[in-house]
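Asker: Predicted model follows, preceded by the sequence.
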Number of protein chains: 2
Amino acid sequence: MATKTLAREAVTLPVNQILAGDCIEVMNGLPEASIDLIFADPPYNLQLRGDLHRPDNSKVDAVNDHWDQFASFAAYDRFTRDWLAAARRLLKPNGAIWVIGSYHNIFRVGAALQDQGFWLLNDVVWRKSNPMPNFKGKRLTNAHETLIWASKDEASKYTFNYEALKALNEGIQMRSDWVLPICTGHERIKDAAGDKAHPTQKPESLLHRVILATTNPGDVVLDPFFGTGTTGAVAKMLGRDFIGIEREEAYRAVATERMERVRRYDASALEVTGSKRAEPRVPFGQVVERGMLRPGEELFSIGNRHKAKVRADGTLIGNDVKGSIHQVGAHLEGAPSCNGWTYWHFKRDGKLISIDILRQQIRAEMDDARPH
Amino acid sequence: MATKTLAREAVTLPVNQILAGDCIEVMNGLPEASIDLIFADPPYNLQLRGDLHRPDNSKVDAVNDHWDQFASFAAYDRFTRDWLAAARRLLKPNGAIWVIGSYHNIFRVGAALQDQGFWLLNDVVWRKSNPMPNFKGKRLTNAHETLIWASKDEASKYTFNYEALKALNEGIQMRSDWVLPICTGHERIKDAAGDKAHPTQKPESLLHRVILATTNPGDVVLDPFFGTGTTGAVAKMLGRDFIGIEREEAYRAVATERMERVRRYDASALEVTGSKRAEPRVPFGQVVERGMLRPGEELFSIGNRHKAKVRADGTLIGNDVKGSIHQVGAHLEGAPSCNGWTYWHFKRDGKLISIDILRQQIRAEMDDARPH
DNA sequence: TGAACACCTGAATCCCTCC
DNA sequence: GGGAGGGATTCAGGTGTTC
């Protein structure tokens, strides 16, 4: 069986497997702080109290409907708290969780997440392009489901591939409402009798966006309510490791077969648009050190309304203000901050050229020097 | 002052007024089971930290008002439970409530609604066509807010004008996700200094849909967080009675002046389609909902030989014939069919302008709002 | 009189590394 | 852990001015 050895504790994590059993018990048996991302599609059928992990021990024949409701909500809340606590223990400090639900359960899940110290990052609306209509005409067509994205806590440096998602969306930053069709056709897994193998199979497109957005290749994605394994299938395609937990033998069988069928995409296909923040930092002083700009040379602001003089230590002096390219720019503009690299320009043959060109040259040389 | 005498108890309800004070205390002073619909836009408990600047260094005008500050989730939950209990007491047995919120608070509100015995009917997503972007590229654009629609209890025979909403949506069943622009431009009320009078004024189009869908003319609509009075303004336009409760003197002053300005629509415009309609394509109802054309406004045929009046649900009435823009046009022309979009014109500054212009505007917005 | 352009703003839990 | 500092980061739509 595949496993992953965790550095410090010399414990192993069973990856790319489907673990059998109750998700809370199984999660409690895994090493803490070992998971990068959890995707959870928990049950929300409040009527089936007995199916929940810890059924309410009070007798169900309550005085009236209200008490019955309270009892079932309380049981559902206990179940939610328990599996969320187990999930939170497994997350790395910078880990995150997604939970999907409908109005029947998502409000309770969201409140429980907040109560346990998770930090909500976004709620995302999956807008179904082909929902089931409301046949009786008594309500609005229930055309969406809600996903909550939360980091382990407020301080977590969660993963978000902003540029990749922006690229997915034709250059516009991705919004919190996602239009995706429900899972039908060939993607919908059927059992031997030709019936759908699982009542709520999620579309791969949804998991694709989730996993692409909030994990990196090689990360471990855990799904405690694995079902037919959409999370695992997409994780594998995208070069992530997965751990599935599923109680029902029938679903495990379907998922196991599905995992074997799935092919991982080419590594080159898994590369996504990166962020500039990840680029190596170049001190402006290097530009002077290398003689790309000389001490005493004048720089001009982006609108050519201000100028400053380069000093030997890589600082600027302009208008009696000394400091970094950023500080002097910010001061001259009266702005809280300024990116000096894009703000300042030098003159060559009468034309203004951004100093960022020089940074790019230095970065290119750094790349050449790095062993491949 | 306007009042409404309630049949059985011979108590009076102060309608079409803005009541001053804490909403819980004021609600507790009103007669129980007297309200048809409550629309509530409670504080969101945003928990904002430091300042936020746009990439152009301008500062975002944050919602940091004292009324949005709560010490903890527990404090917010207490507040929520208390105002919901007071609200529930006021509702008629078949009454209903709408609450709007964001991911900061809506999960707690939804859970509290369920805990108190309200019966959730739908969660509705207001997809903003022009949301504020995420400036730092750290999350998804927060492009929606969530509304919860709930009846007083499971047995309530709540009001839902299914056919009216379907007509508003040009023959297609209304879904749980609504694309509407945020409140800007002339609709956004400014104070004497030219600043926005309220940080979170809601668009009239949103209230138009809510009130049209879930009340009948003559119903009483209560808004316990009245603000600048969008709920009251739309209720009055649509021939409903309103009760506003607002603690802040400054907001009351703005709302009072606004209520006086608002005109009730023509009675004939308020009648709502009771019959099914043919299947058109683009919702003319949105033109009305967004205020591009007002209920009661007259449209003129292409040769200016016929005219018709716009109704609140996006249908027309002309020459005793009611129906879609296409149906009424066809009838007046004695033709088997008619493209209402090119047939009808509205008058601005004495000139006739095709309503197709308005459709083009909406299409552009919808295209832009659609994530890919 | 338009077209083009500049400017402003919206319920926002909005950076990250190094010292 | 707090503070300092480099430097990365935005979309739609309305209003008003210029050409």
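Answerer: Received the coordinates, thanks.

Asker: Which parts of chain A are helices?
Answerer: Listed in chain order, the helices of chain A (DSSP state H) span A:23-28, A:65-90, A:106-115, A:162-168, A:204-214, A:230-237, A:249-261, A:267-270, A:284-289, A:325-333, A:340-343, A:356-369.

Asker: Return the distance of the last one from the chain's centre.
Answerer: This points to helix A:356-369. Distance of helix A:356-369 from the chain centroid (C-alpha atoms, centre = their mean, to the nearest Å) equals 31 Å.

Asker: For the lowest-mean-pLDDT helix or strand in chain A, name the packing helices and strands.
Answerer: Sorting the helices and strands of chain A by mean pLDDT, DSSP states H and E puts helix A:267-270 at the bottom, at a mean of 76. Applying 3 or more C-beta pairs under 8 Å, 6 or more residues apart in numbering or on different chains; DSSP states H and E, we find helix A:267-270 packed against no helix or strand. Every residue, glycine included, has its C-beta placed from N, CA and C.

Asker: before we move on, the earlier item: comparing the helices of chain A, which comes out most buried?
Answerer: helix A:230-237 (a mean of 26; mean count of other C-beta atoms under 10 Å in any protein chain shown).

Asker: so how far is that one from its chain's centroid?
Answerer: With C-alpha atoms, centre = their mean, you get 15 Å for helix A:230-237.

Asker: quick one: it to helix A:249-261, angle?
Answerer: 10 degrees (axes from the mean of the first three to the mean of the last three C-alpha atoms, to 10 degrees).

Asker: can you list the residues that contact the least confident helix or strand of chain A?
Answerer: The list of residues contacting helix A:267-270 from outside it, by C-beta atoms under 8 Å, 6 or more residues apart in numbering or on different chains, reads A:217, A:238-239.

Asker: again, 10 Å this time
Answerer: A:212, A:216-218, A:237-240, A:264 (C-beta atoms under 10 Å, 6 or more residues apart in numbering or on different chains).

Asker: In the stretch 51-200 of chain A, which residue sits nearest DNA strand C?
Answerer: Nearest residue of the stretch 51-200 of chain A to DNA strand C: A:L120, at 3.5 Å (C-beta to the nearest atom of the strand).

Asker: Check whether that residue really touches B:Y103, as I assumed.
Answerer: Yes - counting by C-beta atoms under 10 Å, A:L120 does reach B:Y103; the two are 5.3 Å apart.

Asker: Now do the contacts for the spatially most central residue of chain A.
Answerer: For chain A, the residue nearest the mean C-alpha position is A:T214 (2.0 Å; C-alpha atoms, centre = their mean). Contacts for A:T214 (C-beta under 10 Å, 6+ apart) come out as A:36-37, A:39, A:95-98, A:121, A:149, A:151, A:158-161, A:165, A:221.

Asker: hmm, back to that, can you give me the separation between the residue of the stretch 51-200 of chain A closest to DNA strand C and A:I148?
Answerer: Applying C-beta to C-beta, to the nearest Å, the value for A:L120 to A:I148 is 6 Å.

Asker: A:R175 reaches B:A143, doesn't it?
Answerer: Yes - A:R175 is within contact range of B:A143, at 3.9 Å (criterion: C-beta under 10 Å).

Asker: joint contacts of these two?
Answerer: In contact with both A:R175 and B:A143: A:122, A:124-125, B:127-128, B:131, B:133-134, B:369, B:371, using C-beta under 10 Å, 6+ apart.

Asker: Tabulate those residues (JSON lines), appending pLDDT and distance to DNA strand C.
Answerer: Listed next are the shared contacts of A:R175 and B:A143 as JSON lines, based on pLDDT from 0 to 100; distance: C-beta to the nearest atom of the strand, whole Å:
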{"residue": "A:N122", "pLDDT": "98", "distance to DNA strand C": "7"}
{"residue": "A:V124", "pLDDT": "98", "distance to DNA strand C": "12"}
{"residue": "A:V125", "pLDDT": "98", "distance to DNA strand C": "14"}
{"residue": "B:R127", "pLDDT": "96", "distance to DNA strand C": "13"}
{"residue": "B:K128", "pLDDT": "97", "distance to DNA strand C": "7"}
{"residue": "B:P131", "pLDDT": "98", "distance to DNA strand C": "6"}
{"residue": "B:P133", "pLDDT": "98", "distance to DNA strand C": "6"}
{"residue": "B:N134", "pLDDT": "98", "distance to DNA strand C": "4"}
{"residue": "B:A369", "pLDDT": "36", "distance to DNA strand C": "12"}
{"residue": "B:P371", "pLDDT": "32", "distance to DNA strand C": "15"}
